[in-house]
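> Provide a 3D model corresponding to the input given below.
(chains A and B)
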Amino acid sequence: MNKKQKKMLVRIIITAVLVVLLHFAYEAFGEGEDAKIPSLCWAFIYLVPYFIIGWDILRKSFKGILNRQIFDENFLMSVATIGAFAIALYEGSGEYSEAVMVMLLYQIGELFQSYAVGKSRKNISELMDIRPDYANIEEDGELKQVYPDEVAIGTVIVVRPGEKIPIDGVIVEGDSSLNTSALTGESRPRDVICGDEVISGCINMTGVIKIKTEKEFGESTVSKILELVENSSSQKSSSENFITKFAKYYTPVVCICALTLALLPPLVLLILGKPPVFSNWVYRALTFLVISCPCALVISIPLSFFAGIGGASREGILVKGSNYLEALSKTGIVAFDKTGTMTMGIFEVSAIHHGTMESLSLLDYAAHAECFSSHPISRSIQKAWLDGLVWQIDVNTGEAIPVRTPESSKYKHSISRDRVSSVKELPGGGISAIVDDKKLLLGNTRLMKDNGISYKECEGDHGTVVHVAMDGEYVGHLVISDVIKPGSKEAISSLKKSGIRRSVMLTGDTKNVADEVAAEIGIDEVHSELLPEDKVNYVEQLLKEKRDKELLAFVGDGINDAPVLSRADIGIAMGALGSDAAIEAADIVLMDDDPRKISKAIRISRKCMRIVYENIWFAIGIKFICLILGALGFANMWLAIFADTGVMVLAVLNSIRALFVKRL
Amino acid sequence: MRKSYNIEVDCANCANKMEEAAAKTAGVKAVTVNFMTLKMNVEFEEGSDEKAVMQEVLKNCKKVEDDCEIYL
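Numbers count the residues shown, from 1 in each chain, chains lettered A, B, ... in the order given. A predicted model of the protein is given here:
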């Protein structure tokens, strides 16, 4: 509790005690014909707690009048309570305590609201607090702590176990494992060694590492993310705009109703020649004023979104504004990019075909021939050899498929470069080399043709094919393909389960590869061999085909699909850790590259929207019921104050639920 | 020209009122008040003096909500 809230609490306690004492005093001395203290005196006595609890409201409403803010809630509360006092005085009923109680309950409600909002604000900000406080610089053999924004590019900083990496950079000494959960929601640690790039915001867990910074603090990942999170929810959703508009009209309308209620029925009664009972109707009108405050509505909606965005960011899903969270909940069509989104974008040897020698020794020769090249394809061949995969032969096709077994590490191989000589890189990515006195030729179909080698066409054709010839004889080919991410299949099925009607893959890759990937992970529709502008056209077409109130999301890795990301209703970029382009272009950013987060994001948005609607209907509903009861004379001010502050308290508590998304 | 200011305000409806009052101030192109993060994002019109504009914004906000504060 802050100072303001503590002061308020003291005032509330004093008033509550006074009200209880006065209640007993009134029963003892104030009632009946033989009252020791006359009714008028009680009015003055009750003014004491009234002023203690309500002086600031009265002061504010006075200022409001000066500034011509008559629909100010303070003003309305003042009118209602002063009116209640006046009626008690007029009727001589001695019911002065009602005005005091209404003011007291109103203040208790306000205090609770400010406490709850402050608390959740703090909780959510703490959850999102990945800001590093300092960086360690080594000076004369001693560590010195400096502010991260004072560190220049190229400085070597030291990060000890348990500390946050303050600035993006490259490890120049030491190795460790990093906890990236604050950024990605992924709890498995990431191992890093000397030479690896690391990003700020991760927590160093095991060893001391020295990092050469590559960016300024302001440009580092952690600053970018913080900026994004802080500016989120500045983009307001349509529900928030609705409630703001509603609040703008609600209060004046209720006030006018109150005025009508106070004047019209008594006048009608008067004309009909019946007693007008003014005080009764004025009391009903004052009840209206108490219900007229829109705060419960107005507070709970942004709080729900704030909690939803906070919960999502805890899971590594950054939402750039509450409008995007709202849009995401309406997603009906999801379009995907392939490479880097559904597949790893890393190449692996997936099969060896038509080998005339043992698969492993074929790979041995191929890996050695390729060992001086850093081309992704060459590296994948080297890696297949180094990893020591076990090759299983399919009896029917003669195809050898790699199998990863727990014992794979036992079969790890090495490359000895002195077995290799006269390596020559040929046009089209081919290579010729001499390995163990054998003349090797590796490359595409064209290379085989040019050298007059009778090669065998690859029948599966689901990746890049590297033919291998030894001493002029064809010995088989390696198939290298992109690897599908482990979560892709599950991601699509869980998207379908959460009501996504259509899933479409848009890719620049060849038809064969695209079709196979789509079939494997269960995507309904594939458009392949697309140029970036074709992707935009397809998205345009999908936008035309979508149903009413249905939105289209596009998921990409943000590298070359920025135009599509911005064209779709919702652009989702994944694997954004360290990629500024993706953070800029997308509306929703998945920090790690797990495609399962897409459906999780949708479920989070749906839960958040459900809470938002619950709050809207609940708050408006209760208020209307109380208005009707009030107009009919069934609701007194006590019920009215519940409709105002009680509803608000419940709505605030309900909003907080949006924060809990772990198990969605 | 965009700038973000920290603000202090007690109720969500008052934040909306501040937003409205600030938006009406001369020299302000667009403004959003975020009650949850207690921030006011102001986009100024080209060539306006942001300090003078913010003084006006503060004055206008004080009119609709006496209890508010903008940390300039």
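> Specify the local secondary structure of the residue sitting furthest away from the middle of chain B.
Using CA atoms, centre = their mean, the residue of chain B lying farthest from its centre is B:Gly47. It sits 18.2 Å away. State at B:Gly47, reduced to three classes by DSSP: H, G, I helix; E, B strand; the rest coil: coil.
> tell me the pLDDT at it?
We have a pLDDT of 84 for B:Gly47.
> Quick check on it: phi, psi?
Main-chain dihedrals, B:Gly47, degrees, to the nearest 10: phi 80, psi 10.
> do A:Glu142 as well
Main-chain dihedrals, A:Glu142, degrees, to the nearest 10: phi -120, psi 150.
> Just give the number of residues close to it.
8 (other CB atoms under 10 Å in any protein chain shown). In this view, the C-beta of every residue, glycine as well, is placed from N, C-alpha and C.
> Look at it and report its pLDDT.
So A:Glu142 comes in at 84 (pLDDT).
> so what's A:Ser304 up against?
Residues near A:Ser304 by CB atoms under 8 Å, 6 or more residues apart in numbering or on different chains: A:608, A:611-612, A:615, A:654-655, A:658.
> Can I get these in JSON lines including pLDDT and distance to A:Tyr324?
Supplementary listing: the contacts of A:Ser304 in JSON lines, determined by pLDDT from 0 to 100; distance: CB to CB, whole Å:
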{"residue": "A:Cys608", "pLDDT": "94", "distance to A:Tyr324": "11"}
{"residue": "A:Ile611", "pLDDT": "94", "distance to A:Tyr324": "17"}
{"residue": "A:Val612", "pLDDT": "93", "distance to A:Tyr324": "14"}
{"residue": "A:Asn615", "pLDDT": "91", "distance to A:Tyr324": "20"}
{"residue": "A:Asn654", "pLDDT": "90", "distance to A:Tyr324": "22"}
{"residue": "A:Ser655", "pLDDT": "88", "distance to A:Tyr324": "18"}
{"residue": "A:Ala658", "pLDDT": "88", "distance to A:Tyr324": "15"}
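> most neighbours, which of these?
A:Cys608 (30 neighbours).
> Look at it and give its secondary structure.
At A:Cys608 the chain is in helix, as set by three-state DSSP.
> State the distance from it to A:Leu664.
Distance of A:Cys608 to A:Leu664, computed by CB to CB, to the nearest Å: 10 Å.
> Show me chain A divided up by domain.
What automatic domain parsing lists as the domains of chain A is A:1-119, A:135-222, A:313-342+A:485-601, A:344-484.
> Averaged pLDDT, the last one. What do you get?
Think domain A:344-484. With pLDDT averaged residue by residue, domain A:344-484 scores 79.
> what does the first one give?
Domain A:1-119 shows an average pLDDT of 83 in the prediction.
> And that domain, end to end?
Distance between the two ends of domain A:1-119: 9 Å, counting by CA to CA, to the nearest Å.
> ok now it, how far from the chain's centre?
Centre-to-centre, domain A:1-119 and its host chain are 43 Å apart (CA atoms, centre = their mean, to the nearest Å).
> That domain near chain B anywhere?
Yes: for domain A:1-119 and chain B, the contact criterion (CB under 8 Å from any CB of the partner chain) is met by A:60, A:63-64, A:67, A:69, A:73, A:110, A:113-114, A:117.
> looking at the domains of chain A, which is buried most?
Highest mean neighbour count of the domains of chain A: domain A:313-342+A:485-601, a mean of 21 (counted as mean count of other CB atoms under 10 Å in any protein chain shown).
> Relative to the whole chain's centre, how far out is that one?
Counting by CA atoms, centre = their mean, domain A:313-342+A:485-601 comes out at 16 Å from the chain centroid.
> That one and chain B, any residue contact?
No: counting by CB under 8 Å from any CB, chain B is not contacted by domain A:313-342+A:485-601; separation bottoms out at 9.6 Å.
> For the residue positioned nearest the centre of chain A, give me its contacts.
Chain A has A:Ala312 as the residue nearest its centroid, 3.2 Å off, counting by CA atoms, centre = their mean. Contact analysis of A:Ala312 by CB under 8 Å, 6+ apart lists A:318-319, A:325, A:601, A:604-605, A:661.
> Which ones among those map onto strands?
Cross-referencing the contacts of A:Ala312 against strands under DSSP state E gives A:318-319.
> returning to that earlier point: among the residues of domain A:1-119 next to chain B, which lie within helices?
Secondary structure of the residues of domain A:1-119 next to chain B is defined by DSSP state H; positions in helices are A:60, A:63-64, A:73, A:110, A:113-114, A:117.
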